[in-house]
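Colleague: got a sequence here, can you model it:
(2 chains)
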Amino acid sequence: MLEVNGIDVFYGDAQALWDVSLSVEEGAIVALVGSNGAGKTTLLKTISGLIHARRGEILLSGKSLSNLKPQEIVGRGIIHVPEGRRLFSSLTVLENLKLGAYIPRARPFFTESLERVFSLFPALKTRIDYKAGSLSGGEQQMLAIARGIMAQPKLLMLDEPSLGLSPILVKTIFELISALNEQKTTILLVEQNINQALKIAQQAYVLKTGKIVMTGRGDELLANEEIRKAYIGERVSKR
Amino acid sequence: MGEFGIIIQVLISGILFGTMYGVAAIGLSLIFGTMRIIFFAQGTMIIFFAYICYWLFTLIGIDPYLSLILLIPISLLLGMGFYYGLFKEAAALEQKEVSLLIAIGLMWAVENIMTRVWTADPRAIVTAYTSWILRPFGINIPFTRLIALLIAVLSAIGVSLFLKRTRIGTAVRAASEDMESTTLMGINPHWVNAVTFAIGIGLAGIAGVGLATVYSFDPMYGFTFVIMSVIALALGGMGNVFGALLGGIILGLIYNLTAYFIDSTWANAICFVVFLLVLMFRPQGLFGGAAQKV
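Modeller: Residues are numbered from 1 along each chain as shown, chains lettered A, B, ... in the order given. This is a model prediction of the structure:
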């Protein structure tokens, strides 16, 4: 469905991604893992058109996304839920959800999408008239994902959805991602919580200082000694 | 009329005077919200529309209030044209000072074109109702100022409803919080900016009519006007339609009270001192909550 072919990405003169290739099959959860500063967010920003690749190309269902503006890429069905949620905090929960369904393709499904969102996140239903900024961290993350769902995504890209949440909420978020995927939403998941991410992903890519260093099925990578030592062990030893 | 009556009179004319700045401040607030610049040409555009109103009246005999029917759509379109013609490329840049310089350049260009076309002599519109004065409870309220107040309040309500009730209005509010995130909703940032400009210049059109019916004006008055509107905006706080209007009213009150109790030559100086004090001690404005994160 999504094909990233050999992209090089620069911030000014500094190269952030080297020859990165990745593919996401329709209906899959694909995890993109790696430590801080590895280029995960840069890759998502390139796919959503916020940054442009200097070399290589990105295809959605065989059609090139190169030279498209971010709003046009959203129109094609790639929805990026950015790191740090980036909600409109002075707007209400409902207004945030309405903006999520702004694109013409999503508007006819507004009521349907809203019901879907409320069934996935019942907590939001009681909060529709609250300002987004007044929600708890967990609720805000749910709203950020919900806002993405409102756009009827073909591909939902989640950047660090578990960041800054309590362990219980982290578990809830990962369950929700699995539930979303069961409803046929294709997901590209960026996570620092590598253990959890690899558990739910069919396919995973490991990004290290701007390069893809390893790829495989989620459970394969989870069992991989090198990965355990470099990423998962590191997390355990930190505690 | 006793001393008390005079003070009431001073207060009322302060309010009527300040609403003009309030309307201009609403425009400044909207454009600052999405573009992150003070649109310095706002005052000059108000004067420009005052001249158009003057022309329509003196050349074709169209009543100034009736001319709003023409001026509102013209100013909305002109605002959109300004964005696509002048600001679109600069808006995409990180360096906001480019847009700021374009605004200042636009101000100078329009000022000088107006001086060429209408000369630097002050102009005023004199209609049958220019000298009408209403006298409720013995207080003098000039008819044209009352209408200007009414127009200002209606514009504020209109803009507020637009921002709250329409899809694109909601997008404008979202964009003034986080433009990149707004783009990720599939919203074209240029369209949001263009709509914001249309409303900002549209308000200038409305304020131009209010001004033209009340005061005499000359091409260079726009700069003073925009500076006063910036003070109104600082008083009212960014991103709050009624706050901006109220900021204008408070500024009008400060101006008139200073002129009455101290001396009219001190009025501008005191307004600027208040401006500095507000920026130093209450940068979020008098009616804002906690200081806004930028």
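
Colleague: and for the residue in the stretch 1-150 of chain B that chain A sits nearest to, the neighbour number?
Modeller: Nearest to chain A, among the residues of the stretch 1-150 of chain B, is B:Ala92, at 10.3 Å (CB to the nearest CB). For glycine as for every other residue, the C-beta is placed from the backbone atoms N, C-alpha and C. Look at B:Ala92: counted by other CB atoms under 10 Å in any protein chain shown, it has 12 neighbours.

Colleague: report pLDDT for it.
Modeller: Reading off the confidence values, B:Ala92 has pLDDT 88.

Colleague: against B:Met35, how distant is it?
Modeller: To B:Met35, B:Ala92 is 11 Å away according to CB to CB, to the nearest Å.

Colleague: if the spatially closest residue to A:Leu22 that is not a sequence neighbour is in a bridge, with which residues?
Modeller: Once flanking residues are discounted, A:Leu22 sits nearest to A:Val4: 4.5 Å by CB to CB, 6 or more residues apart in numbering or on different chains. Beta bridges link A:Val4 to A:Leu22, A:Ile58 when assigned by DSSP bridges.

Colleague: below-threshold pLDDT in the chain: ranges please.
Modeller: In the absence of a named chain, this looks at chain A. By pLDDT under 70, the weakly predicted segments of chain A are A:233-239.

Colleague: ah, I was thinking of chain B
Modeller: For chain B (pLDDT under 70), the answer is B:1, B:288-294.

Colleague: would you mind finding the longest helix in it?
Modeller: helix B:3-35 (DSSP state H).

Colleague: after that one, which helix or strand is next?
Modeller: Using DSSP states H and E, the helix or strand that follows helix B:3-35 in sequence is helix B:42-55.

Colleague: got the residues of chain A near chain B?
Modeller: A:48, A:50, A:69-71, A:74-75, A:79-80, A:82, A:86-91, A:95, A:98-100, A:102-103, A:147, A:151 (CB under 8 Å from any CB of the partner chain).

Colleague: among those residues, which ones are buried?
Modeller: Among the residues of chain A next to chain B, those buried by neighbour count (16 or more other CB atoms under 10 Å in any protein chain shown) are A:48, A:50, A:70-71, A:74-75, A:79-80, A:82, A:86-91, A:95, A:98-100, A:102-103, A:147, A:151.

Colleague: returning to what we had before: quick check: the residue nearest to A:Leu22 touching A:Thr42?
Modeller: No. With contacts counted by CB atoms under 8 Å, A:Val4 stays clear of A:Thr42, the gap being 12.0 Å.

Colleague: dump the residue contacts of the nearest residue to A:Pro161 once chain neighbours are set aside.
Modeller: Among residues not flanking A:Pro161 along the chain, A:Ile173 sits closest, at 5.3 Å (CB to CB, 6+ apart). Counting by CB atoms under 8 Å, 6 or more residues apart in numbering or on different chains, A:Ile173 touches A:Gly138, A:Gln141, A:Met142, A:Ile145, A:Pro161, A:Ser162, A:Leu165.

Colleague: out of the residues you listed, which is most surrounded?
Modeller: A:Gln141 (28 neighbours).

Colleague: got the contact list for residue 132?
Modeller: Looking at chain A here, since you left the chain open. Going by CB under 8 Å, 6+ apart, A:Ala132 touches A:Leu87, A:Phe88, A:Ser89, A:Ser90, A:Leu91, A:Thr92, A:Val93, A:Asn96, A:Gln140, A:Leu143.

Colleague: my question was about chain B, not that one.
Modeller: B:Pro142, B:Phe143, B:Thr144.

Colleague: which residues of chain B lie near chain A?
Modeller: Checking chain B against chain A by CB under 8 Å from any CB, the hits are B:167, B:170-171, B:173-174, B:177-178, B:180-189, B:239.

Colleague: helices - which of those land there?
Modeller: Under the assignment DSSP H, the residues of chain B next to chain A contribute B:Arg167, B:Thr170, B:Ala171, B:Arg173, B:Ala174, B:Glu177, B:Glu180, B:Ser181, B:Thr182, B:Thr183, B:Pro189 to helices.

Colleague: right, and the fourth one touches A:Ser89 too?
Modeller: No. When contacts are counted by CB under 8 Å, B:Arg173 is not listed as touching A:Ser89 (11.1 Å).

Colleague: whichever residue of chain B sits closest to chain A: how many residues sit nearby?
Modeller: The minimum distance from chain B to chain A, using CB to the nearest CB, falls at B:Gly186 (3.4 Å). Counted with other CB under 10 Å, residues neighbouring B:Gly186 total 26.

Colleague: correct me if wrong: it contacts A:Met150.
Modeller: No. In this structure B:Gly186 lies outside contact range of A:Met150 using CB under 8 Å: 10.7 Å.

Colleague: on that earlier part again, which strands and helices sit next to the longest helix of chain B?
Modeller: With contacts defined as 3 or more CB pairs under 8 Å, 6 or more residues apart in numbering or on different chains; DSSP states H and E, the packing partners of helix B:3-35 are helix B:42-55, strand B:141-142, helix B:143-165, helix B:167-177, helix B:189-214, helix B:221-236, helix B:241-261.

Colleague: next, the angle helix B:167-177 makes with that helix.
Modeller: 90 degrees (axes from the mean of the first three to the mean of the last three CA atoms, to 10 degrees).

Colleague: returning to that earlier point: in JSON lines: the helices and strands packed on helix B:3-35, plus distance to B:Ala120 and mean neighbour count.
Modeller: Putting those into JSON lines (distance: least, CB to CB, whole Å; neighbours: other CB atoms under 10 Å in any protein chain shown) gives the following:
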{"stretch": "helix B:42-55", "distance to B:Ala120": "12", "mean neighbour count": "25"}
{"stretch": "strand B:141-142", "distance to B:Ala120": "26", "mean neighbour count": "18"}
{"stretch": "helix B:143-165", "distance to B:Ala120": "24", "mean neighbour count": "18"}
{"stretch": "helix B:167-177", "distance to B:Ala120": "37", "mean neighbour count": "22"}
{"stretch": "helix B:189-214", "distance to B:Ala120": "17", "mean neighbour count": "25"}
{"stretch": "helix B:221-236", "distance to B:Ala120": "10", "mean neighbour count": "24"}
{"stretch": "helix B:241-261", "distance to B:Ala120": "24", "mean neighbour count": "22"}
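
Colleague: turn those into JSON lines, including distance to B:Ser99.
Modeller: Converted to JSON lines, the helices and strands packed on helix B:3-35 look like this (distance: least, CB to CB, whole Å):
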{"stretch": "helix B:42-55", "distance to B:Ser99": "14"}
{"stretch": "strand B:141-142", "distance to B:Ser99": "38"}
{"stretch": "helix B:143-165", "distance to B:Ser99": "22"}
{"stretch": "helix B:167-177", "distance to B:Ser99": "15"}
{"stretch": "helix B:189-214", "distance to B:Ser99": "10"}
{"stretch": "helix B:221-236", "distance to B:Ser99": "15"}
{"stretch": "helix B:241-261", "distance to B:Ser99": "20"}
